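**Q** fold the following and give me the result.
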Amino acid sequence: MKKISFGVALLMFSSSIFASKSSESSLLKRVEQLEAQVSSYKQQNQPFLSVATKGSVHGSVYDKLIIGADYRFSIDNLDYDLANGKSASNDALLTNRLWLNFSYKPNRHIDFNTKLSFNKVFGQPVIYAPNGKAPFDGFDWVSSTTNTDDEFRVKNAYINYRDDTVFGADVPWDFGVGRRSTSYNKLLSLRDDMSPNSPLGHIISAEFDGGHLGFDLERLSGVSGMHVKFASGRGASYVAPSLSATPNTQWGNNINMFDVNFVPYADEKIHTEFQVAKITNLIDISSAGYDKTGSFKPQTFNPAFDIVGDMYLGNFMVSYNAKQLNNAKLFASFALSQSQPDEGKTMFGSPDDETGTSYWLGAQWDCRFMRDAKVGAEYNHGSQYWRSFTYAEDTVSGSKMATRGDAYELYLTKQLTKGLSFQARYTYMDYDYTGSDGFFGSQTGNAMSIDTIKTHMAGTDLANSIVDKSQDIRFYLRYNF
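**A** Purely as a prediction, here's the structure:
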């Protein structure tokens, strides 16, 4: 209707010039009326926000829909040594990873962020195991990270509110809820050339739906960087289907996570942080199908999940920026895990509460022989009963942080042009115990000595499914804006 009125105004204006000989004052009056109509039309049809890419935002960041993309092409050369002396490999695993990022801030208090994720193997729309579709690649913890199929998934959909005071106290705080992108976390993000998410990557790397409440204590305490955050998430909900007699009723025990992050001190050089987490109602499959002799019995295999118990995780890390040493970033991290099996259940092959430990050392520095390039080296070790929650860690040969044994990593990341980068990376994992990448019970998560299996069970079906050593040689080309 506004467009019709605008056209009529133009027609009247034209008629007044060419078809009539009105006075000059009458003409000027008509021109003023037309200008008022045009101004009103523009105001009423102005878009409510503008769209910009992350690197092109000028002026206020509010009322702008910021869009971005992150594409990575990777080639991985994979090699596995099995406990029976055989090997498995893939000379060239080719994969696509694409993220589409959207963020919007209506004001200084609220921001909303969304990330859509696409992960796909070249030429294969759906990953299949030799005996059918891979049963766990689409698991909610990893579905937006694994190369499962050719679908887009929601990796992140999170609303965050922040303010400068709490009940009048000078304590900035923030609260958020939604689907949390809790992969590429602190320290792990260094090798992937990413801005870190808030959990500590030594113990947590998995997608969760949940929320957080954080308080900046620096002004209150006078201690640089002091901060505390409380978070919780749900890793699995057991609800009845919508088209059932009792829609969406709970029929099982949900998997929940509760954690606290505390930064006692942080400045431009030093960052220290603790994280403690509890995860409830953890699972394993009912039967992996192997008997006590290591023979596989297909009729006993049962992939249905059983709840086996709870687990505590703890982590302390410290990092140091040594600009005088080729702009080096040095870090050390120590972590604990403790299993708590339910009555009559076992976790990691034991009916008792078992404590596992892991330590992780690393450094990243500017390459002296190549401009805009960084070199990194990392080492981590895990004990027999060590268990992290790092299923979404970005190493296609398995979670490096979950290794019950020793893991070594070297990488070179080179910035080619603005937004375009290249990386070469080598990851080697030498396992001492089984179950590093399994679940939490005694079927896929059993912590058996690999040397014992190699000595006494080398000819069994079980030995054929146990990885003794693995390596991943990766090259990627990445563009993001």
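
**Q** nearest the geometric middle of the protein, what residue?
**A** With distances taken as CA atoms, centre = their mean, the residue of the chain nearest its centroid is residue 183 (2.2 Å).

**Q** OK, contacts around residue 265?
**A** With contacts taken as CB atoms under 8 Å, 6 or more residues apart in numbering, residue 265 has the following neighbours: 223, 224, 225, 226, 272. For the C-beta atoms, the positions are set from N, CA and C on the backbone; glycine is no exception.

**Q** what is the end-to-end distance of stretch 170-184?
**A** According to CA to CA, to the nearest Å, stretch 170-184 extends 32 Å from its N-terminal end residue to its C-terminal end residue.

**Q** phi first, then psi, for residue 451.
**A** With angles defined as degrees, to the nearest 10, residue 451 shows backbone torsions of phi -60, psi -40.

**Q** count of neighbours near the closest residue to it other than its chain neighbours?
**A** Closest residue in space to residue 451, ignoring its immediate chain neighbours: residue 432 at 7.6 Å, by CB to CB, 6 or more residues apart in numbering. Burial of residue 432, expressed as a neighbour count using other CB atoms under 10 Å, amounts to 18.

**Q** and what of residue 454?
**A** 16.

**Q** what do you get for residue 274?
**A** For residue 274, the number of neighbouring residues by other CB under 10 Å comes to 15.

**Q** ok, now residue 479?
**A** Neighbour count for residue 479, taken as other CB under 10 Å: 15.

**Q** so where does it fall, helix or strand?
**A** strand 467-480 (DSSP states H and E).

**Q** what residues sit buried inside that strand?
**A** Applying a neighbour-count criterion of 16 or more other CB atoms under 10 Å, one finds 467, 468, 469, 470, 471, 472, 474, 476, 478, 480 buried in strand 467-480.

**Q** please report how far the first one lies from residue 257.
**A** Relative to residue 257, residue 467 is positioned 27 Å away (CB to CB, to the nearest Å).

**Q** contacting residues around stretch 111-127?
**A** Under the contact criterion CB under 8 Å, 6+ apart, stretch 111-127 has outside partners 93-105, 133-134, 137, 144-160, 181.

**Q** among those residues, which lie within strands?
**A** In this view, these that belong to strands under DSSP state E are 93-104, 133, 152-160.

**Q** so where's the chain uncertain?
**A** Counting by pLDDT under 70, the chain has low-confidence residues at 1-28, 30-32, 34-50, 52, 54-59, 129-135, 138.

**Q** what packs against the longest strand belonging to it?
**A** Criterion DSSP E: the longest strand present in the chain is strand 302-322. For strand 302-322, the helices and strands in contact under the criterion 3 or more CB pairs under 8 Å, 6 or more residues apart in numbering; DSSP states H and E are strand 270-287, strand 328-341.

**Q** how about those strands in a markdown table, adding distance to residue 416?
**A** Conversion of these to a markdown table gives the following (distance: least, CB to CB, whole Å):
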| stretch | distance to residue 416 |
| --- | --- |
| strand 270-287 | 29 |
| strand 328-341 | 22 |
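
**Q** so what's residue 415 bridging to?
**A** According to DSSP bridges, residue 421 are recorded as the beta-bridge partners of residue 415.

**Q** contact partners for it?
**A** For residue 415, the set of contacting residues under the criterion of CB under 8 Å, 6+ apart consists of 372, 373, 421.

**Q** so the residue nearest to the centre of the chain makes contact with residue 145?
**A** Yes: using CB atoms under 8 Å, residue 183 is in contact with residue 145, at 5.9 Å.

**Q** anything in contact with each of the two?
**A** When contacts are counted by CB under 8 Å, 6+ apart, residue 183 and residue 145 have 207, 392, 394 as shared neighbours.

**Q** can you pull the contacts of the first one?
**A** Okay, so that is residue 207. When contacts are counted by CB under 8 Å, 6+ apart, residue 207 is found next to 140-145, 155, 179-183, 392.

**Q** which of the residues you listed lies closest to residue 304?
**A** Minimum separation from residue 304 among these (CB to CB) is found for residue 140, which lies at 16.8 Å.

**Q** any idea how far residue 303 is from the closest one?
**A** The spacing between residue 140 and residue 303, counted by CB to CB, is 16 Å.

**Q** mind checking which of the two has more residues around it?
**A** residue 140 (17 against 13).

**Q** at which residues are the helices of the stretch 301-450 of the chain located?
**A** The residue ranges that make up the helices of the stretch 301-450 of the chain, judged by DSSP state H, counting those that start in this stretch, are 450-456.

**Q** the residue nearest to residue 349 when sequence neighbours are not counted: neighbour count?
**A** Distance criterion CB to CB, 6+ apart; nearest residue to residue 349, sequence neighbours excluded, is residue 446 at 4.2 Å. Using other CB under 10 Å, residue 446 is surrounded by 19 other residues.

**Q** what sits against residue 446?
**A** For residue 446, counting by CB under 8 Å, 6+ apart, the contacting residues are 348, 349, 434, 435, 438.

**Q** do the same with residue 215
**A** So, once contact is read as CB under 8 Å, 6+ apart, residue 215 ends up touching 166, 171, 172, 173, 227, 228, 229.

**Q** now the helix or strand that contains residue 90, how far from the centre of its chain.
**A** In this assignment (DSSP H and E), residue 90 forms part of strand 87-104. Relative to the chain's own centre, strand 87-104 is displaced by 13 Å; criterion: CA atoms, centre = their mean, to the nearest Å.
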